[in-house]
Structure formats: structure tokens, C-alpha cells
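Q: Here is my input; please provide its structure:
(one chain, ligands or ions: 1)
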Amino acid sequence: MIVVLLGAPGAGKGTQAKRMGSAMGVKHFSTGDLLRQAVESGTELGVRAAEYMESGTLVPDDIMLALAGELLDRKGPGVGVILDGFPRTLPQAKGLDQLLEDRGETIGLVILLDIEEDDAVERLSSRVSCPECGSVHNLATDLPMTTGLCDACGGTLVRRSDDIPEKIEHRFEQYQSETHPTIEYYRSQGRLDTVDAGRPIHEVQKAIEEILHRKSGPQVAG
Ligand SMILES: [Zn+2]
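A: Below you'll find the predicted structure:
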């Protein structure tokens, strides 16, 4: 099944995508993963993406869609995938539908992790991550076993440079203006499931599992 996970910064997309991926036995890709892979591959697309990333501006829709197309070709037809943070804009959402249609596939599930701005800011302010493997910990709710070190690989945990209050606020505003139309696009077509993401991680996970179960369960005719 192809799953799209939407949500503001701090809603817990990465954490939930990872857990869903393990539960479903499928890979998950964040926008960051897609960009990193492209840059590392050194393709023309990767070079263009790197220019935007280095200048700190958002990568344009056409590049993101081309990267998504490459991912869909790489994974092969009928293989499930979880997309975390993509599509971000309305053109990306429409473009993704077209990419899938061209390949005879369709999105199975769109989940919005819904969170209040205050809760998101609080979460992001206490978030640390591992530059080595991408694992995320929260100093308020999800402490690592050894202070300052990644549970998964032992790397040194760092605070992301954009997890400071002024930047969080800016990211939230950017999210609101760009992703709101995307959310409405899926909602108006009856394709959106919303989960209250202000709750503890395991409760959010449970709510997502219930939706997955409902969607992937036996289909009753009529
Ligand atoms: Zn690590």
C-alpha cells in the first residue's frame, strides 16, 4: 500500500513513519531521504537539488516530483511505500496522483497527523537527532538510554539548527500556507484520515494502526 503521511513540523511524522514501516514491512522515505539520495547519486537532478538545499530554500515542485518518480520506478510496481513530508504543496499532490496513475497505482491511505502549534513548538524545542542514522529522541518524552548518545548506533545526538523557536514559528507558517491546500485537496475527495497527534507517541501509533487495519481489512462488496 502507498501511504502519504502529512503533518506540521513536530507532529511526529518521522517517528510514526518509521513505526508504520516496520509494522507493514515497507520502506518509508522522507523528503530529506529523497533529497539526500539524489545528492549522493550525483545525477543532474541531485546537483540541482543540492543547489537549493545549500542556499536554504525549498526545493521546487518539479524537482521533488522528478525525485518521487524515480523512487516509484526504483521500488517497482505494487510495492508499498510510506511517504513522509511529501507531497508538501498542492502541485506536488496533484503531480503525485499523475505519477501513480501513469504507473497503474494509487495512494491507499492519506493520514494527517494533526497537532496544535503550541504542542508542536514544545516538542521541537526538546528534539534531538542522530546525524549518523537519523534516529530522533525527545528530551522531554523519549530520553536516550545513554545521555547524549543515539540508541541505534551510538552517534552523538544534536539539536537541529532549525529547531529553535523563531525558526520553528517560520516553518509552521510555511507549513500552514503551503500544506493547507494539500490537506483540503485530499479532504475534499474523501481521501483523508485525521489522527490527533498531540497525544503520546504510542497512542498516535495505535490510532494509525486502527486506520490501517480498517483500510487493509477484507473489503465488503457494495
Ligand atoms: Zn544513530
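
Q: those helices in this structure, which residues are they?
A: 13-24, 31-41, 44-55, 61-75, 90-102, 117-125, 165-188, 201-216 (DSSP state H).

Q: Nearest to the ion, out of those helices?
A: When these are compared by C-beta to the ion, helix 13-24 sits nearest the ion, at 12.4 Å. Just so you know, the C-beta spots here come from the backbone N, C-alpha and C atoms, and that holds for glycine as well.

Q: residue ranges with poor pLDDT in the protein?
A: 217-222 (pLDDT under 70).

Q: Enumerate the residues of it near the ion.
A: When proximity is defined as C-beta under 5 Å from the ion, the chain approaches the ion at 130, 132, 133, 135, 150, 152, 153, 155.

Q: For the fifth one, grab phi and psi.
A: Meaning residue 150. phi -70, psi 130 (degrees, to the nearest 10).

Q: Leaving out sequence neighbours, find the closest residue to residue 120.
A: residue 10 (3.1 Å; C-beta to C-beta, 6 or more residues apart in numbering).

Q: Contact partners for the one you found?
A: Contacts of residue 10 were listed using C-beta atoms under 8 Å, 6 or more residues apart in numbering, and they are 115, 119, 120, 121, 123, 124, 127, 168.

Q: If we ignore the residues flanking it in sequence, what's nearest the most centrally placed residue in the chain?
A: The residue lying closest to the centre of the chain (C-alpha atoms, centre = their mean) is residue 84, at 1.8 Å. Once flanking residues are discounted, residue 84 sits nearest to residue 17: 3.9 Å by C-beta to C-beta, 6+ apart.

Q: how deep is the one you found tucked in, by neighbour count?
A: 25 (other C-beta atoms under 10 Å).

Q: before we move on, what about residue 77?
A: With other C-beta under 10 Å as criterion, residue 77 counts 9.

Q: Please apply the same query to residue 14.
A: Residue 14 has 21 nearby residues by other C-beta under 10 Å.

Q: does it really touch residue 113, like I thought?
A: No - Residue 14 is beyond contact range of residue 113, at 10.4 Å (criterion: C-beta atoms under 8 Å).

Q: tally of neighbours for the nearest residue to residue 1 once chain neighbours are set aside?
A: Distances taken as C-beta to C-beta, 6+ apart place residue 108 nearest to residue 1, at 3.7 Å, with adjacent residues excluded. By the criterion of other C-beta under 10 Å, residue 108 has 14 neighbours.

Q: Also residue 61?
A: The local packing of residue 61 (other C-beta under 10 Å) involves 17 other residues.

Q: Skip the chain neighbours and tell me the closest residue to it.
A: Spatial nearest neighbour of residue 61, chain neighbours left out: residue 91 (4.5 Å); criterion: C-beta to C-beta, 6+ apart.

Q: Same check on residue 136?
A: residue 129 (4.6 Å).

Q: burial count for residue 202?
A: 9.

Q: ok, it to residue 1 distance?
A: Relative to residue 1, residue 202 is positioned 22 Å away (criterion: C-beta to C-beta, to the nearest Å).
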